[in-house]
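Enquirer: Sequence plus predicted model, see below.
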Amino acid sequence: MAVASVALGWKGIVVAVTLGLSLIVMGMDLIGPDLVFGALTSLYIVSGILSTNEGAAGFSNTGVLTVLVLYIVAEGVSQTGGLDLAMNFMLGKASTVFWAQVRMMIPVMIASAFLNNTPICALMIPILISWGRRCGISPKKLLLPMSFATVLGGTVTLIGTSTNLVVSGLQEKKYGDSDPSKVFQFFTITPYGIPYAVWGMAYIILFSKWLLPGDDAADDLTSALYVPGKSRAAGRTAKDSGLSGGKVAITGINKQQAPAVPYTPDLVIEAGDTIYVTAPVHAAEQVVKDYGLVLLTSDDDQMQRTSTGGYAAAGDMEEGFEHAASHEASTLLQVNVKKGSSLVGKNIREIGFRGRFNAAVIAVKRSKSVQPGRIGDIVLQPKDVLVLSTGALFDPSSQDFAANFEEIIYLDEALARQFTTAMRVGQRSKEAGKTISEVGLRGINGLFLFEIERADGDRLKAVDHDTVLETGDVLWFAGDLEGVSYLLKYTTLEHLQADQVAKLPADIIYRRLVQVVVSHTGELVGKKLREVRFRT
């Protein structure tokens, strides 16, 4: 039986072309979907493809109106912090990626069955990033499964996703009077949605090991840290000083003029020692700032050797490092060694990074293994990951640099924007009676606990992971804005200025953390915070 051809006409051609162009525009993220579809609707109405009633019919659809109301409900739940507390309670602790995904996906799917997907994703992203850091699990293993969990959970009930509501609205329009049984009710799709969600969750958990990306290439790099005489780590063991633990693992110590020795917890760190650590770059930087250490580059590493193959005196080293630290402002970036690079097969010392590229190597990683020993002795291979400290004259577009390196990433400089804040262990704080490690205040990126002030006036300068918190303790933190926000939002600690915050006239849902810079000509310069009277 022959099928008769159907002529599109000018209206069909216009719709087909504009829809195709719209997909390209949205796919390239040139214009937002709301503007694209708004413009398309206006174009179709003006050109006569749609009547005014047809163009506005979507706004009267009960499903669309329900979606709008759900956005308001979800935002209210988010702003009041109720969902935050519930999610943090249900997440708990996880030691492996498998259990982290299980503990994350179940509550997310349950919440998504009754709330819109978009606000849940927006709410869960910062929670999962902080939780992943506490559990030592890459956020890359959690965020994409979380997104799919909201989709799977949305198929369980009528209000789980906006698509269900739109379909229900169309069914109501067509069958509402003639056959109401054909219209989706709240739990009509639940018998089909639950098996679908369970199988989807099982697939994600079982195959995410191979399908999801791993940790950042700059994680777990080997770095060398020099101990000056003024460092607060000198004369103490790493455990006593709080240097070991968290994301920083000590792999060896070079004891001044002696060869490197394996690290043991009772080994005393002395001035002039070089400590070899395995840690993310930012964690190593944080330790450098907190303990007064020096992050060695490949050039600094070579300074430790004299022309006869021995070691420089400790006094000379101090002077040399102070000169290096006062050198021009530097920027950290991560690069990969190109395949076919002229640097392959040469060790870092003979390449002469500072003279050739105006940069110095501070860490090296090869595949998934860190490279032990002196940085200057490492022989480069294709795809090696280097972290460079670059000077003011560094030019990444130079022909020599571009010929040898690829995938240049400028690392986050958030460590330079540190804030100091104090939190108290109150009567209702769940952290009382637990160790620092148990409450998850150890090893969080962007947050460092540097002192505890006991209620009896005693001060703990070296805070170990097994230090037990007591009611009345005041914990002093250094951290970035995200770290401070984490303390206020995801712990039951009381801020030292909580009584002042409570007196703010604005309701809690309208309060925000903001970062400001004091003008050098402002009238606040030279005054104490108490004198300024910020609240009033």
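Expert: That came in fine, so what should we check first? Predicted, not measured: the structure shown is a model, and the values here were computed from it.
Enquirer: Please enumerate residues in contact with the lengthiest helix in the chain?
Expert: Under DSSP state H, the helix in the chain containing the largest number of residues is helix 190-211. With contacts defined as Cβ atoms under 8 Å, 6 or more residues apart in numbering, helix 190-211 is touched by 97-98, 101-102, 105-106, 109, 113, 141, 145, 148-149, 152-153, 155-157, 160. Bear in mind the C-beta positions are built from the backbone N, C-alpha and C, glycine included.
Enquirer: mind listing what's buried in it?
Expert: 190, 193, 194, 197, 200, 201, 204, 205, 208 (16 or more other Cβ atoms under 10 Å).
Enquirer: which regions of the stretch 201-350 of the chain sit below the pLDDT cut-off?
Expert: For the stretch 201-350 of the chain, the stretches with pLDDT under 70 are 214-222, 244-247, 256-262, 281-282, 297-330.
Enquirer: how about a cut-off of 80?
Expert: Low-confidence segments of the stretch 201-350 of the chain, defined by pLDDT under 80: 213-224, 229-230, 232, 238-252, 254-266, 277-292, 294-333.
Enquirer: where do the strands sit along it?
Expert: 221-226, 236-237, 249-254, 260-262, 268-269, 274-279, 294-295, 331-337 (DSSP state E, counting those that start in this stretch).
Enquirer: so how far is the fifth one off the chain centroid?
Expert: Put plainly, it is strand 268-269. 33 Å (Cα atoms, centre = their mean, to the nearest Å).
Enquirer: what helices or strands is that strand leaning on?
Expert: strand 236-237 (3 or more Cβ pairs under 8 Å, 6 or more residues apart in numbering; DSSP states H and E).
Enquirer: and the strand it packs on, which strands flank it?
Expert: strand 268-269 (antiparallel) (DSSP bridges).
Enquirer: looking at this structure, which helix or strand does the model trust least?
Expert: Across the helices and strands of the chain, mean confidence by mean pLDDT, DSSP states H and E is lowest for helix 314-325: a mean of 37.
Enquirer: Return the distance of stretch 192-203 from the chain's centre.
Expert: 29 Å.
Enquirer: Which residue lies nearest the spatial centre of the chain?
Expert: residue 129 (5.2 Å; Cα atoms, centre = their mean).
Enquirer: Tally up the residues packed near the residue nearest to that one when sequence neighbours are not counted, please.
Expert: Leaving aside its sequence neighbours, residue 129 sits nearest to residue 139 (Cβ to Cβ, 6 or more residues apart in numbering; 4.8 Å). When neighbours are defined as other Cβ atoms under 10 Å, residue 139 has 17 of them.
Enquirer: ditto for residue 93
Expert: 12.
Enquirer: Begin at 40 from now on, thanks
Expert: Sure, I'll start numbering at 40, so the last one becomes residue 132.
Enquirer: if I look at it, how far off is residue 174?
Expert: 6 Å (Cβ to Cβ, to the nearest Å).
Enquirer: next one: residue 466
Expert: From residue 466 over to residue 174 (counting by Cβ to Cβ), the distance is 28 Å.
Enquirer: Same check on residue 149?
Expert: 21 Å.
Enquirer: for residue 386, same thing?
Expert: In terms of Cβ to Cβ, residue 386 sits 38 Å off from residue 174.
Enquirer: more crowded one of the two?
Expert: residue 174 (21 against 15).
Enquirer: For the more buried one, give me its contacts.
Expert: 132, 133, 134, 139.
Enquirer: looking at those residues, which has the most residues close by?
Expert: residue 139 (25 neighbours).
Enquirer: which parts of the helix or strand encompassing that one are buried?
Expert: Taking DSSP states H and E as the definition, residue 139 sits inside helix 136-151. Neighbour-count burial for helix 136-151 flags 136, 139-140, 142-151 (criterion: 16+ other Cβ under 10 Å).
Enquirer: which residues of the stretch 90-239 of the chain score low on pLDDT?
Expert: Ranges of the stretch 90-239 of the chain meeting pLDDT under 80: 96-134, 154-166, 168-178, 198, 200-202, 204-205, 208, 212, 215-217, 219-220.
Enquirer: so residue 271 sits right up against residue 280, yeah?
Expert: Yes. Counting by Cβ atoms under 8 Å, residue 271 touches residue 280, with 6.7 Å between them.
Enquirer: hey, what's in contact with both of those two?
Expert: residue 330.
Enquirer: Which phi and psi values does residue 490 adopt?
Expert: With angles defined as degrees, to the nearest 10, residue 490 sits at phi -160, psi 150.
Enquirer: hey, what's it bridged with?
Expert: residue 515.
Enquirer: I'd guessed it sits against residue 498; true?
Expert: Yes. Residue 490 lies in contact with residue 498 (Cβ under 8 Å); the separation is 6.3 Å.
Enquirer: Those two: who's more crowded?
Expert: Each of residue 490 and residue 498 has its neighbours counted (other Cβ under 10 Å); residue 490 has more, 16 against 10.
Enquirer: Look up how far residue 460 lies from the more buried one.
Expert: 12 Å.
Enquirer: just residue 391 next, same as before
Expert: 44 Å.
Enquirer: More neighbours: which of those two?
Expert: residue 460 (17 against 12).
Enquirer: Double-check that the more buried one belongs to a strand.
Expert: Yes. Counting by DSSP: H, G, I helix; E, B strand; the rest coil, residue 460 falls inside a strand.
Enquirer: give the contact list for it.
Expert: 515, 516, 518, 523, 526, 534, 535.
Enquirer: Report the beta-bridge partner residues of it.
Expert: Here residue 460, judged by DSSP bridges, has bridge partners residue 516.
Enquirer: Equivalent analysis for residue 403, please.
Expert: The partner residues for residue 403, given DSSP bridges, come to residue 261, residue 425.
Enquirer: so it touches residue 427, yeah?
Expert: No. Residue 403 lies out of contact with residue 427 (Cβ under 8 Å); the separation is 10.4 Å.
Enquirer: about what we covered before: could you check how far the residue nearest to residue 168 is from residue 291?
Expert: In terms of Cβ to Cβ, residue 178 sits 30 Å off from residue 291.
Enquirer: Quick check: beta-bridge partners of the closest residue to residue 326 other than its chain neighbours?
Expert: Once flanking residues are discounted, residue 326 sits nearest to residue 287: 5.6 Å by Cβ to Cβ, 6+ apart. Beta bridges link residue 287 to residue 284 when assigned by DSSP bridges.
Enquirer: give me every residue that touches residue 287.
Expert: 316, 317, 318, 322, 323, 326.
Enquirer: list the contacts for the closest residue to the fifth one other than its chain neighbours?
Expert: Of all residues not flanking residue 323 in the chain, residue 262 sits nearest, at 4.6 Å (Cβ to Cβ, 6+ apart). Under the criterion of Cβ under 8 Å, 6+ apart, the neighbours of residue 262 are 315, 316, 317, 318, 320, 323, 334, 335, 401, 402.
Enquirer: isn't the third one right up against residue 291?
Expert: No. Taking contacts as Cβ under 8 Å, residue 317 lies outside contact range of residue 291: 9.9 Å.
Enquirer: who has more neighbours, these two?
Expert: Remark: of residue 317 and residue 291, residue 317 carries more neighbours, 21 against 18, as counted by other Cβ under 10 Å.
Enquirer: Run through the residues that contact the residue nearest to the more buried one when sequence neighbours are not counted.
Expert: Counting by Cβ to Cβ, 6+ apart, residue 317 lies nearest to residue 288, which is 4.6 Å off, once chain neighbours are set aside. Residues in contact with residue 288 (Cβ under 8 Å, 6+ apart) are 316, 317, 318.
Enquirer: separation between residue 375 and residue 448?
Expert: 9 Å.
Enquirer: do residue 212 as well
Expert: 52 Å.
Enquirer: before we move on, what about residue 391?
Expert: From residue 391 to residue 448 the distance is 23 Å (Cβ to Cβ).
Enquirer: and what of residue 293?
Expert: For residue 293, the distance to residue 448 - Cβ to Cβ - is 30 Å.
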